[in-house]
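Novice: Here is a sequence with its predicted model. Questions after.
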Amino acid sequence: MEISDNVLNCVIVGSGPAGFTAAIYAARADLKPELYTGLEPGGQLTTTSDVENFPGYPDGITGPQMMLDLQKQAERFDTKIHYELITKVEFSKDGGVHKLYAGTKEILAKTVIIATGATAKYLGLEDEKKYSGGGVSACATCDGFFYKGREVIVVGAGDTAAEEATYLANLASKVTMLVRRDEFRASKFMANKVMSTPNIEVKFNHELIGIEGENNLVERAVIINNLTKEISTQNVDGIFIAIGHKPNTEVFAGQVNLDENGYILTNPGTTVTNIPGVFAAGDVQDHVYRQAITAAGTGCMAAMDAEKYLAELQ
């Protein structure tokens, strides 16, 4: 199928590590990519105070600064950045021109890289926002190091919560796991692992209802016993909310194949989706690792996959 020369080679949707890395590689391949940031330029990392586990930063770096650095690098190679939200897409199922819309603005592209990420689910407490970056986290592998030898709470009952709790148990002096009901939702294997870890205490039928502290730093958790309705406080340094993530794929529903949880399905070992010329990178297609470095890696892969696809069109 012939494609007009005035159609963009590559449009990237999303502006976290995956999106910006895809932009860097696509721009260096002379694809002249254009990137749409969405409502939260920089993605989840802009809400992270310190990033200590990204290679190349021996002294660490703040999440917002890392995203600014990645954006500058992408712009250095002439990536065009649009501070707009993609509100609708119409993907061509036969490898033709893909249409995207930012409001009423129509964008035509030969390839699209989806890097819209995933959003951690929270309980909805006002205190979660207040203490975000000051002791409240949704990622143990990102922030657990800061709680070495300290006491933390993990909220959740599924495999994610069990994994976070057992990971933190290797760092923290004590992990208290709050399970809202009287049983785990986690697999039997993970539940047994939690119960057999000496410094994890599981409180069934308990729920987090508030957080207290000074200077926006967590000092206490306010907990309710769902059986007795008794409210108590517990001194704690960190609170990890582990009730899952929601991939930001609403706009792509019905346009590209998703799994039962809404993550974009890609061919194993690639970023290729079921739609020719459409690729997915980062947390939008990764429910396992969810790290900045793995997102960046798949951003690189997506740009290379897009470059190969375009070469085969010629």
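Specialist: Structure received. Residues are numbered from 1 along each chain as shown.
Novice: Residue 116 belongs to a helix?
Specialist: No - counting by DSSP: H, G, I helix; E, B strand; the rest coil, residue 116 falls outside a helix, being coil.
Novice: Provide a list of residues in contact with it.
Specialist: 13, 14, 38, 247, 248, 249, 251, 282, 284 (C-beta atoms under 8 Å, 6 or more residues apart in numbering). In this view, the C-beta of every residue, glycine as well, is placed from N, C-alpha and C.
Novice: give me the number of residues near the first one?
Specialist: So the one you mean is residue 13. As a burial measure, residue 13 scores 27 neighbours (other C-beta atoms under 10 Å).
Novice: Can you give me the pLDDT of it?
Specialist: For residue 13, the model assigns a pLDDT of 98.
Novice: So it versus residue 109, what's the distance?
Specialist: Computed as C-beta to C-beta, to the nearest Å, the residue 13 to residue 109 distance reads 10 Å.
Novice: what touches both of the two?
Specialist: Residues within reach of residue 13 and of residue 109 at once, by C-beta under 8 Å, 6+ apart, are residue 100.
Novice: picking up where we left off before, go through the contacts of residue 116 and name the one nearest residue 200.
Specialist: residue 247 (28.6 Å; C-beta to C-beta).
Novice: surely that closest one meets residue 120?
Specialist: No - Residue 247 is not in contact with residue 120 according to C-beta atoms under 8 Å; the separation is 11.1 Å.
Novice: Between the two, point out the one with more neighbours.
Specialist: Taking residue 247 and residue 120 together and counting by other C-beta under 10 Å, residue 247 has the greater number of neighbours (24 against 18).
Novice: and that one, bridged to which residues?
Specialist: Taking DSSP bridges as the rule, residue 247 bridges to residue 118.
Novice: which residues sit in contact with it?
Specialist: Listed by C-beta under 8 Å, 6+ apart, the contact set of residue 247 reads 116-119, 258, 261-264, 283-285, 287.
Novice: Repeat the analysis, applying 10 Å as the threshold.
Specialist: With contact set as C-beta atoms under 10 Å, 6 or more residues apart in numbering, residue 247 has these partners: 114, 116-119, 258-259, 261-264, 280, 282-287.
Novice: And residue 78, by the same measure?
Specialist: Contacts of residue 78 by C-beta under 10 Å, 6+ apart are 23, 27, 28, 30, 32, 33.
Novice: switch the cut-off to 7 Å
Specialist: With contact set as C-beta atoms under 7 Å, 6 or more residues apart in numbering, residue 78 has these partners: 27, 32.
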